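Q: predicted model follows, preceded by the sequence.
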Amino acid sequence: MRAAALLALCLVLAPACEGEGTSPDETPTSLTAEVLMDDELSIEAIDAGAMGAVAEERRDVITDAGALEARWNALYSHRSEVPAPPSINFDERVVAFASLGQRPTGGYRVELARAVHNEDRGVVELTVREVTPGPSCMVQQVLTFPYLLAAVEAVDAPYEFVEGAPRVADC
């Protein structure tokens with residue numbers, strides 16, 4: 001019954017959810033609706049870009065507003081005006097933060113590919129992967145610092161980052 005309801009919902013929403021958009025740094029992104037498996041948790045991108053002020057590779061799970069504000073302020077510390085952080089209901093969501101550290105050119109991104117509650121292990125596995133520019137991609141010749149903030153459904157279990165296989169972007 002649940003699978004039928006999900007399929008019906010996807011068929012109704014799919015035409016409205018497919019297309020292209022842009023990320024905060026104006027990089028085209030693909031927007032698609034995904035069918036969630038029974039153990040997968042919902043993921044909502046909050047902020048992503050290539051010019052975060054975090055020079056090292058990091059993976060953090062943020063569970064309260066104070067920690068989110070601190071991470072947000074550090075991420076935007078290189079700007080003259082820091083935008084307000086997003087409002088998150090931490091009773092329902094946590095925020096996954098992933099940064100790649102310094103990269104030699106534009107075209108790099110970080111993705112939160114999956115969030116799965118592995119009940120056998122008693123953890124939530126957050127699969128993060130690096131997206132690299134393909135050989136035919138034209139990229140900016142500038143140092144970049146790709147990052148991603150995503151809201152993930154809250155579960156009463158520890159969160160663990162898993163490094164997924166890198167993906168090469170088509171241009």
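A: Everything's here; your move. Numbers count the residues shown, from 1 in each chain.

Q: give me the number of residues near Glu69?
A: When neighbours are counted by other CB atoms under 10 Å, Glu69 registers 14. No exception for glycine: its C-beta is placed from N, CA and C like everyone else's.

Q: can you tell me the SS state at it?
A: helix (DSSP: H, G, I helix; E, B strand; the rest coil).

Q: if we ignore the residues flanking it in sequence, what's nearest it?
A: Pro85 (5.3 Å; CB to CB, 6 or more residues apart in numbering).

Q: so where is this structure shaky, pLDDT-wise?
A: 1-38 (pLDDT under 70).

Q: in this protein, which spans are strands?
A: 19-22, 28-31, 43-49, 57-62, 93-100, 109-118, 123-133, 147-153, 159-163, 167-169 (DSSP state E).

Q: other residues contacting the third one?
A: The one in question is strand 43-49. 23-25, 75, 86, 88, 93, 95-96, 109-110, 112, 114-115, 146-153 (CB atoms under 8 Å, 6 or more residues apart in numbering).

Q: which of the strands of the chain is buried the deepest?
A: Highest mean neighbour count of those: strand 93-100, a mean of 23 (counted as mean count of other CB atoms under 10 Å).

Q: now the angle from it to strand 43-49?
A: 40 degrees (axes from the mean of the first three to the mean of the last three CA atoms, to 10 degrees).

Q: just checking: what are the partner strands of strand 93-100?
A: Paired strands of strand 93-100, with direction, are strand 57-62 (antiparallel), strand 147-153 (antiparallel) (DSSP bridges).

Q: could you give the angle of that strand to strand 109-118?
A: Using the same axes, to 10 degrees: strand 93-100 against strand 109-118 is 140 degrees.
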